[in-house]
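> My questions concern the predicted model and sequence given below.
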Amino acid sequence: MYADHETTLKKRYHAVYTSDIENVALARRAIAHFATECGFSEGAVSDIRLAAGEALSNAVEHGCETRDRNFSVDCDFDGEELAIVVGDSGHGFPEPSHSASIEPDARGRGFGIFLMRRLMDEVSFGRNGTVVRLVRRHS
């Protein structure tokens, strides 16, 4: 007799891109495709694409200050939670304050962080802002 077990295969995606602005769109499409393969709805994929695009744009803008002009994308899905990690080799920035989740500053800076925090279930920063981790759960 065989037991009926529900098996969830963990899915992963990893890529390294040069810090060219054209690669933001390429990486954003790859992340959206991965989220679709993980079973997220069209609306959720749209939110994920937009939030990831903000993290990717920041990686290109702030990460191109060094000789190693690359950014990396790592996606992991465990059946319930999609984690997207975008990293760059820039000098980073101080962790955004909680107020960045409420509204952008007077110059309009921080709008991307605001969007990421509104669209994703979790947003965290590491290595002085050179790593952004976005998490979206299946509802």
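All right, it came through fine. Numbers count the residues shown, from 1 in each chain.
> and the helix or strand of the chain at the bottom of the mean pLDDT ranking, which residues are buried?
Lowest on mean pLDDT, DSSP states H and E among the helices and strands of the chain sits helix 111-119, with a mean of 90. For helix 111-119, a neighbour-count test (16 or more other CB atoms under 10 Å) marks G112, I113, F114, L115, M116, R117, L119 as buried. Every C-beta, even on glycine, is put in place using the N, C-alpha and C of the backbone.
> quick one: pLDDT of N58?
Looking at N58, its pLDDT is 88.
> Return the list of helices and strands in contact with the host helix or strand of it.
Under the criterion of DSSP states H and E, N58 resides in helix 42-63. Where contact means 3 or more CB pairs under 8 Å, 6 or more residues apart in numbering; DSSP states H and E, helix 42-63 is packed against helix 22-37, strand 70-77, strand 81-88, helix 111-119, strand 131-137.
> looking at these, which one has the lowest mean pLDDT?
Looking at those, the weakest mean confidence is helix 111-119, a mean of 90.
> Number of residues surrounding K10?
8 (other CB atoms under 10 Å).
> An error on my part: the question was meant for R127.
For R127, the neighbour count with other CB under 10 Å is 12.
> Please produce CSV containing the helices and strands packed on helix 42-63, extended by distance to Y13.
CSV is the format used below for the helices and strands packed on helix 42-63 (distance: least, CB to CB, whole Å):
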stretch, distance to Y13
helix 22-37, 5
strand 70-77, 4
strand 81-88, 9
helix 111-119, 19
strand 131-137, 13
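> A59 against D20, yeah?
No - A59 is not in contact with D20 according to CB atoms under 8 Å; the separation is 11.5 Å.
> With neighbour numbers in mind, choose between the two.
Shown here are A59 and D20; by other CB under 10 Å, A59 has more neighbours (28 against 13).
> how close does the more buried one sit to G79?
Distance, A59 to G79, by CB to CB, to the nearest Å: 27 Å.
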